[in-house]
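Undergrad: Got a predicted model here, sequence first, then my questions.
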Amino acid sequence: MLHFYYSFIDPQNEDIEMFLENAADGEILMYPYDASKKPQKDEILISDDTELLYRWKADGGLTIGYEHDGIRPGTEECISDLADVYAEDLEEIADYLTEQRHLAFFSGDFDYYIPGYQDFAHLYEVMKKEPHLLPERLKNLSEEDLHADYRHEILSQRLNANLSLVAFTAKDSDEVLGRIAVEPSELTDRALNLSYYILPEQRGKGTGTAAVKAFLARMLPRIGDVPLLAVIHRSNTASVALAKACGFTVLPANSKIPEKRPEGFFTMIYDNSADA
């Protein structure tokens, strides 16, 4: 469930009181803003305080500006008739906001984003041209199925801090260069899986290796001792080389992780992972 926070310059305003009553009628969580708290992924602040909105957004949260009486917050999503906003309206706005690209973190020479749906769909169209790299469950998805898969991916990482799906760009660029994900392993519930896709025109330049290394530097402390695997097609020698450069080795024969690999694939494991 999405969490909403609010902070208003004049909290006794009748429109604001009506808005809070309307929001309370729905199944959403609404909290007063706490200055000591930094936003978690996809937490939304509603406010007419421009400085506060910018600070929340800079810390990775989402924002809805309350625009009134000459106050122009300047955020992407603004509401002026606040008293007329009900819980279902807020949920619709939240759905829109969470399907836009927003910054997750930056590391090394790259910016990493929770992808918007358009990013997700664009990458899928490119990946379809190399169907041997796609898992069976992702081949030939309809637009409806693709959107459902996107919503599932975003919700999963909201609920599990160990999971992450990001699109990455060069620092201060808007052009997506690829995607990287930590996702549940299909081999065992005792491990996680690393997957990545680098756009064809970026291959052979070291872009993928550098981006995955910087991503792992951010994610590995969060994952801790959970084994991190990469399941790679045997013919994809470039991906194998990338995984090796990032610290993965072929899963040893005496591994405790069960062998359920699809035919034609083999499993690699991050060197510092437990239970190898």
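TA: Thanks, I have the structure now. The model shown is predicted, which means the values in this text are computed figures rather than measured ones.

Undergrad: list the buried ones in the strand ranked longest in the chain?
TA: Secondary structure assigned by DSSP state E gives strand 176-184 as the longest strand of the chain. Within strand 176-184, the residues that count as buried by 16 or more other Cβ atoms under 10 Å are Val176, Leu177, Gly178, Arg179, Ile180, Ala181, Val182, Glu183. Where C-beta positions appear, they are placed from N, C-alpha and C, glycine not excepted.

Undergrad: can you list contacts of that strand?
TA: Strand 176-184 is contacted from outside by 110, 112-113, 115, 119, 122-123, 153, 156, 162-170, 192-199, 202, 207-208, 211-212, 215, 219, 223, 228, using Cβ atoms under 8 Å, 6 or more residues apart in numbering.

Undergrad: Pull the distance from the helix or strand following it to the chain's centre.
TA: Note on strand 176-184: by DSSP states H and E, the next helix or strand toward the C-terminus is strand 192-198. Relative to its parent chain, strand 192-198 has a centroid offset of 13 Å by Cα atoms, centre = their mean, to the nearest Å.

Undergrad: Equivalent analysis for stretch 162-179, please.
TA: Put simply, stretch 162-179 sits 10 Å off its chain's centre (Cα atoms, centre = their mean).

Undergrad: what's the answer for stretch 127-135, then?
TA: 21 Å.

Undergrad: how long is it end to end?
TA: Across stretch 127-135, the terminal residues are separated by 11 Å (Cα to Cα, to the nearest Å).

Undergrad: Can you verify Leu229 is assigned to a strand?
TA: Yes - the assignment for Leu229 by DSSP: H, G, I helix; E, B strand; the rest coil puts it in a strand.

Undergrad: Isn't it up against Phe266?
TA: No - at 10.6 Å, Leu229 and Phe266 do not qualify as touching, with contact defined as Cβ atoms under 8 Å.

Undergrad: Just the buried residues out of the contacts of strand 176-184, in PyMOL syntax.
TA: Under the burial definition 16+ other Cβ under 10 Å, those of these that qualify are selected in PyMOL by:
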select buried, resi 110+112+113+115+119+123+153+163+164+165+166+167+168+169+192+193+194+195+196+197+198+199+207+208+211+212+215+219+223+228
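
Undergrad: what's the neighbour count on Glu144?
TA: By other Cβ atoms under 10 Å, 8 other residues sit near Glu144.

Undergrad: name the element it belongs to?
TA: Glu144 is part of helix 143-159, with elements assigned from DSSP H and E.

Undergrad: excluding its backbone neighbours, what's nearest the residue positioned nearest the centre of the chain?
TA: When Cα atoms, centre = their mean is applied to the chain, the residue found nearest the centroid is Ile114 (3.3 Å). Leaving out its chain neighbours, the residue that sits closest to Ile114 by Cβ to Cβ, 6 or more residues apart in numbering is Ala104, at 5.1 Å.
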